[in-house]
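Chemist: Take a look and give me a structure for this.
(one chain, ligands or ions: 1)
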Amino acid sequence: MPPQNDYFFSRPMDMGLVTDHALQRALWERVFSKSYLNVDFKDSALLLTEAPQTPRSVTEKTVEVLFEEYGFSRVCLWPAAALVPHYYRKKRGIGGENPCSLVVDCGASSCLAVPVFENEMVPLATRRLDVGGDLLTTHLTNVLMNTQKEKEKQNWLRDKFLISEHVKQSCCFVAEDFVGTMDLAKRELDDARPSISAAGALIHASRTRRFATHLFCEYVLPNAEAGREGYAYIPGRNRQGIPPPPGGPLQPFPPTFSPPSVDSSDRKRKRNKRGPVRRSARERRRRHDDDEEDYDPDEDGDQEEGCGADDMGEESPAAAAAKWCERWPPPDDDETHVLRLNNERILIPEILFRPSDMCLSDKDLKEYKIGPHVQHQWGLPETIQRAIYASPPELQPHLPACILLAGGTTKLPHFKQRLMRDLRPMLPQEWLIEMHHCSEPELCAWRGGSVFATSGDFYPNSMSRREYFEGVEEAKRAAAGARGRGRG
Ligand SMILES: Nc1ncnc2c1ncn2[C@@H]1O[C@H](COP(=O)(O)OP(=O)(O)OP(=O)(O)O)[C@@H](O)[C@H]1O
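Modeler: Model prediction:
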């Protein structure tokens, strides 16, 4: 869905718990309806995910609605994180003989570190960081509202969560070395200073400086009249007539991205060197079938192939470049339609690693709908470390050997590398750390669920309609007996 300015959305859940029952019910009605899944409730079993340590009363209420209002024949409520190993282990053959895995699920509302032993969560060892993709997006919106001085741009961003989501997904990335990257950006700015004073004019100076850092990028806001989506744009390259990164502006791109060569002979030479079997980054993303190799979002920067003839048929690179430029033209001089980002690109994802760096006022906390504790939490690497040390000692060394990443927020480029870099010194040197990622981490739990639902484990862990109603009758009889005894 293009992030046009009139769309809005809301979620029925927060932190994995249903907060808007009416909306949740409306969603179920639609999904189960004839026009979607056309569910025959009497003959259907349902696997529904829930957050770890969901209060019992919430689970019971959900089961009641599913049996009494919809009439499913069988229902199983299972934590989403416990489904992730089913996908990685059974479909991807990851983990080998090691019965332990540590699922790191970074979604919209939070990040969870969940130790799993033989496909079951280790009780009481789950740790949660109350920072998720939604908080990053809200914070990005706020930061941009402050950095983009023009009133018109601020109006654009206000209440347009989807646009900020898109800005985050197309421009932000995790810095592998945060301090080093910030230092470099500062040095680049300092180096640009002499040319600024030479240029004289203030406006020219500020522009020159903006382009000076390798972090600088522009986001062209969507244009409903022209029917154009918003897109990220790296100036300098595009101003030389070089098109945006492969896969279009929807793909995040790291700053190491290098422009494609327009010399076709050079391109052919490079392609031959790499060999014909290597697939393009775009094609790899499209292929999310079972034998898919470990996905690394940083490969999105594989400019040479992604923008090459693989994607463009037999077109010449120059023609392909022209096509890209036509679809995602360089921003014109109309500054009101361009957001300018600099170190925000790394500052926002950095919150996952150092929530305490986010300086929020009481007003911000209210607006973000979060408590003050969020700023005083440990970062994601410490959250993982604490989950490991909260597990039984005999499992601890085996958990980091199979860390499984899930959830859309892990798609931020360089996420895996940074997590690895931070986690390594926190655990004993002799412990092996292996992290696995896939191309669509937001679908891991769903895919694991499809494996689980068709396995022999599903039936023993689910409840049938008959069992439910027998339980209800028994509870009623027990309650009536207790009342009778009370009167007697
Ligand atoms: N390419 C991307 N780069 C950065 N963030 C992304 C990307 N794609 C998706 N996200 C973020 O991932 C989040 C959604 O992930 P996911 O679908 O796993 O969450 P969820 O399961 O709905 O949430 P929760 O786990 O809190 O219930 C959103 O915040 C979204 O902005």
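Chemist: The stretch 351-488 of the chain against the ligand: which residues are in contact?
Modeler: Residues of the stretch 351-488 of the chain lying close to the ligand (CB under 6 Å from any ligand atom) are Gly407, Gly408, Thr409, Lys411, Leu412, Glu442. Bear in mind the C-beta positions are built from the backbone N, C-alpha and C, glycine included.
Chemist: residues touching the second one, list them.
Modeler: Same thing as Gly408. Cys106, Gly107, Ala108, Gly133, Pro441, Glu442 (CB atoms under 8 Å, 6 or more residues apart in numbering).
Chemist: Retrieve the pLDDT associated with the first one.
Modeler: Read it as Cys106. Here, the pLDDT recorded for Cys106 equals 96.
Chemist: Bridged to it, which residues?
Modeler: Counting by DSSP bridges, Cys106 forms beta bridges with Cys111.
Chemist: Now do the helices in the stretch 351-488 of the chain.
Modeler: 362-368, 380-389, 415-423, 444-453, 465-487 (DSSP state H, counting those that start in this stretch).
Chemist: tell me the mean pLDDT over the first one?
Modeler: I take that to be helix 362-368. Computed over helix 362-368, the average pLDDT equals 78.
Chemist: Remind me what it packs against, helices and strands.
Modeler: In terms of contacts (3 or more CB pairs under 8 Å, 6 or more residues apart in numbering; DSSP states H and E), helix 362-368 is packed against helix 133-147.
Chemist: If you count contacts, what does the helix it packs on end up packed against?
Modeler: Using 3+ CB pairs under 8 Å, 6+ apart: helix 133-147 touches helix 151-157, helix 161-171, strand 338-341, helix 344-350, helix 362-368.
Chemist: quick one: which of those is nearest Ser44?
Modeler: The closest approach between Ser44 and any of those, judged by CB to CB, belongs to helix 161-171 at 33.0 Å.
Chemist: what is the orientation angle of that closest one with helix 133-147?
Modeler: Put simply, helix 161-171 runs at 90 degrees to helix 133-147, going by axes from the mean of the first three to the mean of the last three CA atoms, to 10 degrees.
Chemist: elements contacting helix 161-171?
Modeler: helix 133-147, helix 151-157, strand 217-220, strand 231-233, strand 338-341.
Chemist: Go through the ones you listed and find the least confident stretch.
Modeler: helix 151-157 (a mean of 70).
Chemist: Please identify the buried residues of it?
Modeler: Lys153, Trp156, Leu157 (16 or more other CB atoms under 10 Å).
Chemist: ditto for stretch 460-476
Modeler: For stretch 460-476, a neighbour-count test (16+ other CB under 10 Å) marks Ser462, Met463, Arg465, Tyr468 as buried.
Chemist: can you check stretch 89-106 too?
Modeler: 89-92, 94-95, 100-106.
Chemist: In JSON lines: these, plus distance to the ligand.
Modeler: Compiled in JSON lines, the buried residues of stretch 89-106 are given as follows (distance: CB to the nearest ligand atom, whole Å):
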{"residue": "Arg89", "distance to the ligand": "19"}
{"residue": "Lys90", "distance to the ligand": "20"}
{"residue": "Lys91", "distance to the ligand": "18"}
{"residue": "Arg92", "distance to the ligand": "18"}
{"residue": "Ile94", "distance to the ligand": "19"}
{"residue": "Gly95", "distance to the ligand": "21"}
{"residue": "Cys100", "distance to the ligand": "22"}
{"residue": "Ser101", "distance to the ligand": "18"}
{"residue": "Leu102", "distance to the ligand": "17"}
{"residue": "Val103", "distance to the ligand": "12"}
{"residue": "Val104", "distance to the ligand": "12"}
{"residue": "Asp105", "distance to the ligand": "6"}
{"residue": "Cys106", "distance to the ligand": "7"}
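Chemist: which stretches of the stretch 251-400 of the chain have low pLDDT?
Modeler: Residue ranges of the stretch 251-400 of the chain with pLDDT under 70: 251-336.
Chemist: which stretches of the stretch 1-150 of the chain aren't confidently modelled?
Modeler: In the stretch 1-150 of the chain (pLDDT under 70), the answer is 1-8.
Chemist: any chance you could map the strands in it?
Modeler: Taking DSSP state E, counting those that start in this stretch as the test, the strands found in the stretch 1-150 of the chain are 13-14, 17-18, 45-50, 74-79, 100-106, 111-117, 120-121, 127-129.
Chemist: Identify, out of the ones you listed, the most deeply packed stretch.
Modeler: Scoring these by mean neighbour count under mean count of other CB atoms under 10 Å gives strand 100-106 as the most buried, with a mean of 28.
Chemist: and that strand, what does it pack onto?
Modeler: Looks like strand 100-106 contacts helix 80-85, strand 111-117, helix 380-389, strand 403-406 (3+ CB pairs under 8 Å, 6+ apart).
Chemist: Just the C-alphas of it, formatted as CSV.
Modeler: Extracted in CSV, the C-alpha atoms of strand 100-106 (Å, rounded to 0.1, in the frame of the first residue of the first chain):
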residue,chain,number,x,y,z
CYS,A,100,18.1,-25.0,22.8
SER,A,101,17.4,-21.8,20.8
LEU,A,102,17.1,-18.2,21.8
VAL,A,103,14.4,-16.3,19.9
VAL,A,104,14.9,-12.6,19.6
ASP,A,105,11.6,-11.2,18.3
CYS,A,106,11.6,-7.5,17.6
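Chemist: What are the contacting residues of that strand?
Modeler: Residues from elsewhere that reach strand 100-106 (CB under 8 Å, 6+ apart): 80-82, 84-85, 88-89, 95, 111-117, 132-133, 352, 380, 384, 387-388, 395, 398-410, 419, 445.
Chemist: 6 Å - rerun?
Modeler: 81, 84-85, 112-117, 395, 398-399, 402-407, 409-410 (CB atoms under 6 Å, 6 or more residues apart in numbering).
Chemist: roughly how far apart are the closest residue to the ligand within the stretch 351-488 of the chain and Arg187?
Modeler: Closest residue of the stretch 351-488 of the chain to the ligand, CB to the nearest ligand atom: Gly408 (2.3 Å). Gly408 sits 34 Å away from Arg187, going by CB to CB, to the nearest Å.
Chemist: Now distance to Leu221 too, for the helices and strands packed on helix 133-147, in JSON lines please.
Modeler: Formatted as JSON lines, the helices and strands packed on helix 133-147 follow (distance: least, CB to CB, whole Å):
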{"stretch": "helix 151-157", "distance to Leu221": "6"}
{"stretch": "helix 161-171", "distance to Leu221": "7"}
{"stretch": "strand 338-341", "distance to Leu221": "7"}
{"stretch": "helix 344-350", "distance to Leu221": "16"}
{"stretch": "helix 362-368", "distance to Leu221": "22"}
